[in-house]
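Participant: I would like the atomic coordinates for the input below:
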Amino acid sequence: MATLAEIRAKLKAQDAKTSSGGPIGDNAIYPHWNIAEGTEAVLRFLPDKDPNNTFFWAERAMIKLPFNSVKGESTGSVQVQVPCMEMWGEPCSILAEVRGWFKDKSLEDMGRKYWKKRSYIFQGFVNESPLQEDTTPENPIRRFIIGPQIFNIIKGALLDPEMENLPTDYDAGVDFRINKSSKGGYADYSTSKWSRRESALTPEQKQAIDKHGLFNLNDFLPKKPSEVEQKVMKEMFEASVDGQPYDAEKWSQYFRPAGMAQRTGDPVNATAAPQPTPAMETTAAPVTAQPTPEPAPAPTPEPVATAPAPETAPTQATTDSKAEDILAMIRARQQSK
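Facilitator: Residues are numbered from 1 along each chain as shown. This is a model prediction of the structure:
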């Protein structure tokens, strides 16, 4: 039978995944967004542990709900992140509402504010880093939270039919070089690129894979919301749009801002919400903070009197399909050698 300490530890771990979309509290995530302007970090991506994942990344889609205040408190504005149901191939009630706003130019800015923000989870080694990290994890296999700007560069190379080997190949893969500059007052990563030369993992890196194993990237995605949680998400969305304050008494047991304790009615059992994993490149911010946001696509107009279909931008679906085809072709080439 599990001890009380073990039960508490497991509950805390589950609570962390609910709030942030994955286990947190370690330093396994490499904060490439903190590198100085004009510097470069060199990464080597590794495949996903999950053999059913065609790609070597996992896509996360989150919706940010801003509130001007917390009900009954003198705190300032807060923000709550909730998962978009389209991550599980299901209609998202929030996007179903927001989608119609893009038909009215006066509501487009509001639509972008509430549109889903994509980020992509990778894993691999940091081969070169300009950062002076206070501590680094024992396991050198790090996780990377990649935003749309860098991701499109990564994906673009995979769509090149001349790519001979998978970039994650242990013996003939290639490094990815993240370059940080600035543009229009925001961080810019548009000069990031794949290395031209193939290289093998070092013996030490291969030993690390044997010792620690690869991550299953889906483990760092949010858990799928229950029916009750989906109703709470929609209720919070409507309150946010209406300018109402965040109601901790009603919602904190489901979703809450980073750093806020769950309102259980018992101060002893109130648990502090962990800081969520930073979704890099999903929000506009000064150069010293986050990169530019992913632009919210203007969804395809829907026929009158029909329920909105889940938004899947045709170009995104098409390129994902092409990327999958290219990866399959590369694997076939390698097997035939």
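Participant: what packs against the biggest strand by length in the chain?
Facilitator: The longest strand of the chain (DSSP state E) is strand 117-128. On a contact count with 3 or more CB pairs under 8 Å, 6 or more residues apart in numbering; DSSP states H and E, strand 117-128 meets strand 40-45, strand 58-67, strand 142-146, helix 148-158. Every residue, glycine included, has its C-beta placed from N, CA and C.
Participant: please redo it, this time with the cut-off set to 6 Å
Facilitator: Contacts defined by 3 or more CB pairs under 6 Å, 6 or more residues apart in numbering; DSSP states H and E place strand 117-128 against strand 40-45, strand 58-67, strand 142-146.
Participant: to E249, which of those strands lies closest?
Facilitator: With CB to CB, the closest approach to E249 among those belongs to strand 58-67: 13.9 Å.
Participant: which parts of the stretch 101-250 of the chain are strands?
Facilitator: For the stretch 101-250 of the chain, the strands defined by DSSP state E, counting those that start in this stretch occupy 117-128, 142-146, 176-179, 181-183, 186-188, 193-194.
Participant: distance to G243 and mean pLDDT added to these, as a markdown table?
Facilitator: What follows is these, written out as a markdown table (distance: least, CB to CB, whole Å; pLDDT from 0 to 100):
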| stretch | distance to G243 | mean pLDDT |
| --- | --- | --- |
| strand 117-128 | 21 | 97 |
| strand 142-146 | 31 | 97 |
| strand 176-179 | 39 | 97 |
| strand 181-183 | 33 | 93 |
| strand 186-188 | 28 | 93 |
| strand 193-194 | 44 | 96 |
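Participant: quick check: D48 vs I121, distance?
Facilitator: Plainly put, D48 is 9 Å away from I121 if you go by CB to CB, to the nearest Å.
Participant: still on that earlier bit, the strands of the stretch 101-250 of the chain into TSV, with extra columns for distance to N34 and mean neighbour count?
Facilitator: Listed next are these as TSV, based on distance: least, CB to CB, whole Å; neighbours: other CB atoms under 10 Å:
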stretch	distance to N34	mean neighbour count
strand 117-128	13	21
strand 142-146	12	23
strand 176-179	11	20
strand 181-183	14	13
strand 186-188	10	19
strand 193-194	20	18
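Participant: with just CA atoms, put the longest strand of the chain into CSV.
Facilitator: Extracted in CSV, the C-alpha atoms of strand 117-128 (Å, rounded to 0.1, in the frame of the first residue of the first chain):
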residue,chain,number,x,y,z
LYS,A,117,-1.8,29.7,-29.4
ARG,A,118,0.3,26.8,-30.7
SER,A,119,3.7,25.7,-29.3
TYR,A,120,5.7,22.5,-30.1
ILE,A,121,7.5,20.3,-27.6
PHE,A,122,10.8,18.7,-28.7
GLN,A,123,13.6,16.9,-26.9
GLY,A,124,17.3,16.6,-27.5
PHE,A,125,20.8,17.7,-26.6
VAL,A,126,22.1,21.2,-26.2
ASN,A,127,25.4,21.0,-28.1
GLU,A,128,26.3,24.7,-27.7
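Participant: relative to it, what are the paired strands and their orientations?
Facilitator: Sheet partners assigned to strand 117-128 using DSSP bridges are listed as strand 40-45 (antiparallel), strand 58-67 (antiparallel), strand 142-146 (antiparallel).
Participant: before we move on, the earlier item: among the strands of the stretch 101-250 of the chain, which is nearest F215?
Facilitator: Short answer: strand 117-128, nearest of the strands of the stretch 101-250 of the chain by CB to CB, at 4.9 Å.
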